[in-house]
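In: Just the structure for this:
(one chain, ligands or ions: 2)
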Amino acid sequence: MTHFDLAIIGTGSGNSLVTPDFDDKRVAVIEEGLFGGTCLNVGCIPTKMFVYAAEVADTIRESGRYGVDATLDGVRWRDIRDRVFGRIDPIEAGGREYRENGANTTAYEGHAEFVGPRELRVQVGSQVQEVTADQIVIATGAHSVVPEVISESGVPFHTSDTIMRIDQLPSSMVILGGGFIASEFAHVFSALGVQVRIVNRSGRLLRKEDEQISEEFTQLAIQQWDVHLNATVVGAKESDEEVALELEAGEVVSGEVLLVATGREPNTLSLGLEKAGVATHSDGRVRVDEFGRTNVEGVWSLGDASSAYQLKHVANHEARIVAHNLVHPDDLQAFDHRFVPSAVFTHPQIASVGMTEADAREAGVDVTVKVQKYGDTAYGWAMEDTTSIFKVIADRRTKLIVGAHVMGSMASSLIQPIIQAMSFGQTAPEVARGQYWIHPALAEVVENALLGLEFD
Ligand SMILES: Cc1cc2nc3c(=O)[nH]c(=O)nc-3n(C[C@H](O)[C@H](O)[C@H](O)COP(=O)(O)OP(=O)(O)OC[C@H]3O[C@@H](n4cnc5c(N)ncnc54)[C@H](O)[C@@H]3O)c2cc1C
Ligand SMILES: NC(=O)c1ccc[n+]([C@@H]2O[C@H](COP(=O)([O-])OP(=O)(O)OC[C@H]3O[C@@H](n4cnc5c(N)ncnc54)[C@H](O)[C@@H]3O)[C@@H](O)[C@H]2O)c1
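Out: Ligands and ions are numbered 1, 2, ... in the order given. As a prediction, this is how the structure comes out:
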């Protein structure tokens, strides 16, 4: 049994808890998979590197509308893939080595589970190591959920963990799901020349977004991909080197490859939480208070394992707060989940922060809304844009912005002044007229959206 000041389970955002405050302390870092976790290895970073390549391909295809004739001669999938992982894999290896050789860290490369409140059992290869610690942080992330109709059918399938490493592009791909992961990979693979067929259980893609955004995005998706909505899968078969999904309505949707993107669940089931007495929500997330504390003294949690938001910037924020709280028990800081933004790097890009219009109305906000078309600004003319919108929602009474929802080029960057305004309590007129907006930059879309809000 080895005792530590701190034991961290999971090296995603958990890895950043080893701050200089622990320089003269002993820290156990436990990881059963890849060092750096989901975002680095199989999440945000590789996906966006693929998205960038997809956007280059789309730019070439669409260049004719600007009078520039170009043709896409081909897509070298293995080169695209190897550019991505040629950068990422060495970072993973470096992170592992750094923890293995750290002056104050001991790396355990195996699966951890609790055997008592601050006591862990780590299976490293065939050996079991016992670890105790004054404080333990559960930063175990989440994993893809695969519906039984697929997992029990025996058909081959990919999840986001494996699809980016395939050796060759398939001619066609069926994507099950209509959320973040489905929408991003539909964009990547279709831009690279794969015929994409989406099978989605609900009637709209990205249905948690503002209704207008979700509706308009779904319409654009139908123009780009073969989209099956309100589709329940009742069976799956493999035939003629294709995977075929049988839908309740009798239709069959087939493709060379199946990608399952039906949500992610926290990695808490095989953690022995019951042995430590750590409480969870009904969806499996560890229960934490606003400081990241579980109900068991000295046990903390952060990121996808416990958060209501499965987003890297949230996991990182929570890690910064927990890192502080671990060493400042008398000066605890609280998580700030007031204005959590997100972006979906699909085509067109989507970004959002705050309440949807429906949420705001339901919450009794005296709503004023402006939907600014990119196409009605100078940069939008340059882009020949006809579909992109920047929707901003404010409270007529306080003039504070309560939400923004964007669909179009650079949405994830354009939305940032709104996140800033909401975070610092600036009113819409202050943001619109209290600063210069560079002319004729795309940011004028934001300025015009704010100026279009009507206040009494
Ligand atoms: C395809 C994809 C794309 C994404 N894109 C974005 C994006 O663009 N922007 C964004 O904000 N978010 C994105 N996300 C979400 C983001 O990746 C996660 O929210 C974030 O990585 C969660 O970080 P974490 O530290 O909580 O968990 P993770 O990074 O998942 O780390 C948890 C670690 O714990 C390890 N572990 C689990 N259980 C145990 C155990 N019992 N013992 C030992 N080790 C264990 C795991 O192996 C893992 O390495 C994406 C996710 C996916 C899947
Ligand atoms: N750009 C980003 O920030 C980014 C990118 C990818 C993933 N993520 C994070 O990862 C999370 C997981 O992504 P995701 O796309 O897997 O989940 P999601 O929650 O975004 O979407 C899940 C989709 O699967 C469908 N679904 C669920 N169960 C189903 C079933 N049994 N049969 C058919 N369809 C089913 C849902 O209707 C929904 O369309 C996201 O919610 C997000 O927080 C973030």
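In: wait, H337 sits on A308?
Out: Yes. Counting by CB atoms under 8 Å, H337 does reach A308; the two are 7.3 Å apart. All C-beta spots, glycine's among them, are computed from the backbone N, C-alpha and C.
In: neighbours around the residue of the stretch 201-350 of the chain found nearest ligand 2, how many?
Out: Closest residue of the stretch 201-350 of the chain to ligand 2, CB to the nearest ligand atom: Q310 (3.4 Å). Neighbour count of Q310, defined by other CB atoms under 10 Å: 20.
In: Next one, pLDDT for the closest residue to it other than its chain neighbours please.
Out: Spatial nearest neighbour of Q310, chain neighbours left out: D304 (4.9 Å); criterion: CB to CB, 6 or more residues apart in numbering. On pLDDT, D304 comes in at 98.
In: And for D304, the neighbour number?
Out: 31.
In: And it, how far from ligand 1?
Out: As defined by CB to the nearest ligand atom, to the nearest Å, D304 lies at a distance of 4 Å from ligand 1.
In: In three-state terms, label that residue for me.
Out: Following DSSP: H, G, I helix; E, B strand; the rest coil, D304 is assigned to helix.
In: T132: what's it in contact with?
Out: Counting by CB atoms under 8 Å, 6 or more residues apart in numbering, T132 touches 1-4, 7, 118-120.
In: Next, find the distance separating the residue of the stretch 201-350 of the chain closest to ligand 2 from E242.
Out: 31 Å (CB to CB, to the nearest Å).
In: I'd like the distance between the residue in the stretch 51-200 of the chain that ligand 1 sits nearest to and ligand 2.
Out: Closest residue of the stretch 51-200 of the chain to ligand 1, CB to the nearest ligand atom: G141 (2.2 Å). Taking CB to the nearest ligand atom as the measure, G141 falls 10 Å from ligand 2.
In: now do L414
Out: Counting by CB to the nearest ligand atom - L414 and ligand 2 are separated by 15 Å.
In: Next: R121.
Out: 29 Å.
In: do the same with I30
Out: Taken as CB to the nearest ligand atom, the span from I30 to ligand 2 is 23 Å.
In: Need phi/psi at that residue.
Out: Main-chain dihedrals, I30, degrees, to the nearest 10: phi -110, psi 130.
In: and the stretch 1-150 of the chain, which residues reach ligand 2?
Out: Residues of the stretch 1-150 of the chain lying close to ligand 2 by CB under 6 Å from any ligand atom are P147.
In: Do a quick rundown of the helices in the stretch 1-150 of the chain.
Out: Here the stretch 1-150 of the chain has its helices, by DSSP state H, counting those that start in this stretch, at 37-42, 44-62, 77-100, 148-151.
In: The stretch 201-350 of the chain too?
Out: Using DSSP H, counting those that start in this stretch, helices in the stretch 201-350 of the chain cover 211-224, 273-276, 312-327.
In: Of the ones you listed, flag the one that's most buried.
Out: helix 312-327 (a mean of 20; mean count of other CB atoms under 10 Å).
In: Does it reach ligand 1?
Out: Yes. Residues of helix 312-327 contacting ligand 1 under CB under 6 Å from any ligand atom: 312-313, 315.
In: will you turn those residues into a markdown table that also has pLDDT and distance to E62?
Out: Converted to a markdown table, those look like this (pLDDT from 0 to 100; distance: CB to CB, whole Å):
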| residue | pLDDT | distance to E62 |
| --- | --- | --- |
| K312 | 98 | 30 |
| H313 | 98 | 30 |
| A315 | 98 | 35 |
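In: Tell me the buried residues in the top strand by length along the chain?
Out: With DSSP state E setting the assignment, residue counts place strand 127-138 as the longest strand in the chain. For strand 127-138, the neighbour count (16 or more other CB atoms under 10 Å) marks 129, 131-133, 135-138 as buried.
In: In contact with the residue of the stretch 51-200 of the chain closest to ligand 1, which residues?
Out: Counted by CB under 8 Å, 6+ apart, G141 has contacts 10, 12, 37-38, 266-267, 303-305.
In: Excluding chain neighbours, what is closest to it?
Out: Nearest non-adjacent residue to G141 (CB to CB, 6+ apart): D304, at 4.5 Å.
In: ok, now which ones touch that neighbour?
Out: 12, 38, 140-142, 264, 266-267, 310, 315.
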